[in-house]
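Enquirer: Sequence and predicted structure below; questions after.
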Amino acid sequence: MSKFFAMEDSTSESESEDSRDSDSDFGGGARFEKGGRGQGKAGGYRAEDSEESGSEDEEKRVVKSQKEKKFGELTSIVKNLRNHKKINDVSNVLTDFEELVKKFEKSKKVIEAEGVPNFYIKCIAELEDFTNEAWEGRKKMSKMAAKSLTTLRQKIRKYNRDFEEKITAFRANPEEFDEEEEPPAPQSAGGGDAGADRDLEDGADGGGFLAAKQAGGRRQSPAAAAYDGSQSDDSDEDWGGDSDESSSSSSSDEDYGGNLAAKFLKRPGKEEERAVKKKAKQDEKDRRKRDEAHRREERRREEEGEDKDWEKVDRGGLAKAQKVRLFEKGQEISFAAAVKKLEEIRKGRGKRGTDKTEQIGTLQEMEKIVLENGFGPGLQIKVIFDIVSAIFDYNPSIAVSMRAELWLQLLDNLDRLFDLLERHSNDIVIGASVPDDGEMLESAPYMIAECPLTQLERMDSEYTKILQNSDAHSTVYVERLQDERRVCSLIDRLVAYMEAKRGKQACSDIDLGRAYSLRIQHLYYKFDQDWAKRVLQAGGLLNAADVTESQSMREMNRMCQLIYQGNQQRERTRAILYHTYFLALHDQWFRARDLMLMSSLQQHIEHSDIATQILYNRAMVQLGLCAFRKGQLKDAHMALVDIQSSGRAKELLAQGVIPARFERTPEQEKLEKRRQMPYHMHINLELLECVYLVSAMLLEIPSIAAHENDQRRRMISKNFHHVLKINERNTVNGPPESMREHVVAAAKVMRQGKWQETRAYIINDKMNAKVWNLFFQSDHVKTMLESKIKEEAMRTYLFTFSSIYDTLSMSCLAEQFELDLSQVHSVVSRMILHDEISASLDEPTRCIVMHKTEPTRLQQLSLQLTERLSSLVDMNEKIAEAKNISITSSGPRQFQGQQQANRGQYADRRQVRFQGQRGERSY
């Protein structure tokens, strides 16, 4: 190459220097060299140039080990993850973490040989700290970011369990993990340019960029380097010397991180450097201690089963908010100023921007100010009413129950309210009758336009809601159930206060009846243990009616009598049902039955509201159980048949939601759940079904035996027949296990008159544990049941085998069925009186003389034909009357046509009826 072209190249180099530098600074080193060698006219090609380019390619081609390659990929992902952490991009952090885990799994072979790198342990430990710090402020995040943070938190905590030992070592001594530098990410050609890119990504200031630019400015093209070093084209040593010189100068700048200003700044002394490092280490240790304490607290909560979303609060149930100053410091607080401030607080109630927690705290602070300044009980009672109302307003949704802390705070406020009302009962007039503009809060007599009855009704509904939404098998339910004593105490105090005001001031009977209804709701389903003790002392259930009434019975009668005298139809209906349930629970069978029959509720109960219908179902069920305990099997069956035959006993008694036959709307499901009875008020459904099936068995089996050949026999219990048919369809029936199988097995052997086996199936250890021991005085119930089984088994025996005997000895029957002779005489006499058997009693010999009046098979068929023909004639007469056929007014031809038409219609109807009767016979 001539000197002329070389000089031309060098002169043009200064003009394009800036553009080449900018290209080289942004990763264009390879592009710069390509442009220097491939300019065509200016550069030219020589053999030496091609050899030099080949040598340069060999230098750029770097052979890396598997370890460097895999660790480099991990490092690049770690760097991206840290950059996303700096800008709190949680979604990308989650993506980077998932990618990092995948790369780590692909690098298993290298990691098993070399071990887990320290930078990886450091990365996942710092990521866990990042998620814990971000978790506290998740409420301020967007929905997507919060969701990503939740997923990331779960994954990183689960993933870090495999590296728990190394993470613990890192937290104990992080300096050891800092000693190992992260391996560099894979570089492209032109290491200085890649370094500049890395400096830019790490957030460095402009110093690194300038240093890279100056280093790139000193780099020369091959032609210029050949001209400056020696003008000989064959000299390769000058090229190498120039590159060495350039690399040494660039390395000296890189010692200062690309920042040339730091090269000339005064450096601090060694003591100052040590102090700074020591302070940084101390801060890092403090931070790690705080993180460790936070993790220990989280582990403790996980072990104890606490919810991390809750925060620790005081007994009041509210987070400690900033204390609100109601009055300025030094301001004189007068009664008028306090009333004005209270009105301002009340105006904020219900507004969208009002903080309900802060409002409750403000009202509590207001009560303290009223007490400190002695503004009197009138204003204090008014403030307490506002606090109670604010607590009720805390939950905006009617379906959500009140928190336990707020519930306890509500009870405390109501206790303090009734303390004030009882202490100043003569000076306070309170109720809905006081107008809002007629309040007098400053001096006695105090006039307050509030209603404590309304507040207690809301409290009672909230208490029911709390029990409905609590798990019945948890300790929380038991804790809340213990609060019923305080609830009943508040209601008793309300009743006593209203009764005291009834004679002196205007307190209507309607309001007093509402208060009585509240008290009855917490009384009617509870069994009186004092009455039970007196019954035991009197000798059992047979003398229960002779036992004097207990205190709860007298209270129930007194309160119900007052409600009966009122004009509120709904309250009267519910009071009758409450009273019936209470009497039936305490075995007052005849009083409970008469009260239900005289009320005639069966006729119009379907027009009542759903809550009253549920109460009616509960009262009827309890009435049926009482009848069963008293041995009134027919009445027990009649009381329970409507509930049990529907197959929806759980739903009708409001003891659970069953899948509906038709689709419910979300609103209907919410209403259904709000109607459910609390668990401690439930009636045992298995006990209920067992009582119904046993009653049906003792009624149905003798009826089946008595009308075995009667095709038109009327079934007493369709549900019981359905249970029997299901059992008969089974190919193999093993020993009975469930309660229903025991009853079915007992029914089968009872049809043969085997009362011992029937008793063994009905009364045994398994049935005692499941059913009979749940009754009060279960021994008396089992004795009564055994006696009924003997009687009905004997009746079944007589119906089945009466055609075989000519005479039967009552003594033999008494011995066979282990009954008294008088009892056998009574049963047989009743059967003869009701025409159930054709027989007579021979008193001298004490025998039953059978009368052979049973019809033969031909006679039975003849009687059936006669009945059907008579029914056919009756039907023809009814049809003729409906169509108003007049024979005398019609002509002979018209009458003949009408007669033929009617004859065809009658034949069709007769065919349909006979087909229906044949179907009944086969059924």
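Expert: Here it is on my side, so go on.

Enquirer: Under the pLDDT cut-off, which ranges of the chain? List them.
Expert: Scanning the chain for pLDDT under 70 picks out 1-62, 178-272, 299-325, 330, 503-506, 540-548, 660-662, 709-712, 853-855, 884-923.

Enquirer: can we see that at 50?
Expert: 1-59, 179-252, 254, 256, 306-309, 314-322, 887-896, 898-899, 903, 905-923 (pLDDT under 50).

Enquirer: Sort out which residues of stretch 773-788 are buried, please.
Expert: Using 16 or more other C-beta atoms under 10 Å as the test for burial, stretch 773-788 gives F775, F776, Q777, H780, V781, K782, M784, L785, E786, K788. Just so you know, the C-beta spots here come from the backbone N, C-alpha and C atoms, and that holds for glycine as well.

Enquirer: packing partners for the helix or strand harbouring the last one?
Expert: With elements delineated by DSSP states H and E, K788 resides in helix 778-801, which encompasses its position. Secondary-structure packing of helix 778-801 (3 or more C-beta pairs under 8 Å, 6 or more residues apart in numbering; DSSP states H and E): helix 685-706, helix 739-750, helix 755-762, helix 810-817, helix 821-833.

Enquirer: Keeping just the C-alphas, turn the fourth one into PDB.
Expert: When you say that, I think you mean helix 810-817. Taking Å, rounded to 0.1, in the frame of the first residue of the first chain, the C-alpha atoms of helix 810-817 are listed here in PDB:
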ATOM      1  CA  MET A 810    -105.800 -66.200  76.800                       C
ATOM      2  CA  SER A 811    -103.500 -67.700  79.400                       C
ATOM      3  CA  CYS A 812    -101.500 -69.300  76.600                       C
ATOM      4  CA  LEU A 813    -101.300 -65.900  74.800                       C
ATOM      5  CA  ALA A 814    -100.200 -64.200  78.000                       C
ATOM      6  CA  GLU A 815     -97.500 -66.700  78.600                       C
ATOM      7  CA  GLN A 816     -96.400 -66.700  75.000                       C
ATOM      8  CA  PHE A 817     -96.100 -62.900  74.800                       C
END
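
Enquirer: sorry, back to before: quick one: the helices and strands packed on helix 778-801 as JSON lines, columns for distance to F385 and mean neighbour count too.
Expert: Shown next, in JSON lines, are these (distance: least, C-beta to C-beta, whole Å; neighbours: other C-beta atoms under 10 Å):
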{"stretch": "helix 685-706", "distance to F385": "43", "mean neighbour count": "22"}
{"stretch": "helix 739-750", "distance to F385": "53", "mean neighbour count": "21"}
{"stretch": "helix 755-762", "distance to F385": "59", "mean neighbour count": "20"}
{"stretch": "helix 810-817", "distance to F385": "71", "mean neighbour count": "16"}
{"stretch": "helix 821-833", "distance to F385": "67", "mean neighbour count": "16"}
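
Enquirer: closest to D129 out of these?
Expert: Closest approach to D129 among those (C-beta to C-beta): helix 685-706, 54.2 Å.

Enquirer: Got the phi and psi for M440?
Expert: phi -130, psi 110 (degrees, to the nearest 10).

Enquirer: how would you label the spatially closest residue to it that is not a sequence neighbour: helix, strand or coil?
Expert: In space, and not counting its chain neighbours, M440 is closest to M447: 4.1 Å by C-beta to C-beta, 6 or more residues apart in numbering. Assigned by DSSP: H, G, I helix; E, B strand; the rest coil, the conformation of M447 is strand.

Enquirer: Go ahead and confirm M447 touches V434.
Expert: Yes - M447 is within contact range of V434, at 5.1 Å (criterion: C-beta atoms under 8 Å).

Enquirer: thinking again about what came up before, can you redo the helices and strands packed on helix 778-801 as a markdown table with distance to N83?
Expert: Formatted as a markdown table, those follow (distance: least, C-beta to C-beta, whole Å):
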| stretch | distance to N83 |
| --- | --- |
| helix 685-706 | 63 |
| helix 739-750 | 69 |
| helix 755-762 | 78 |
| helix 810-817 | 94 |
| helix 821-833 | 96 |
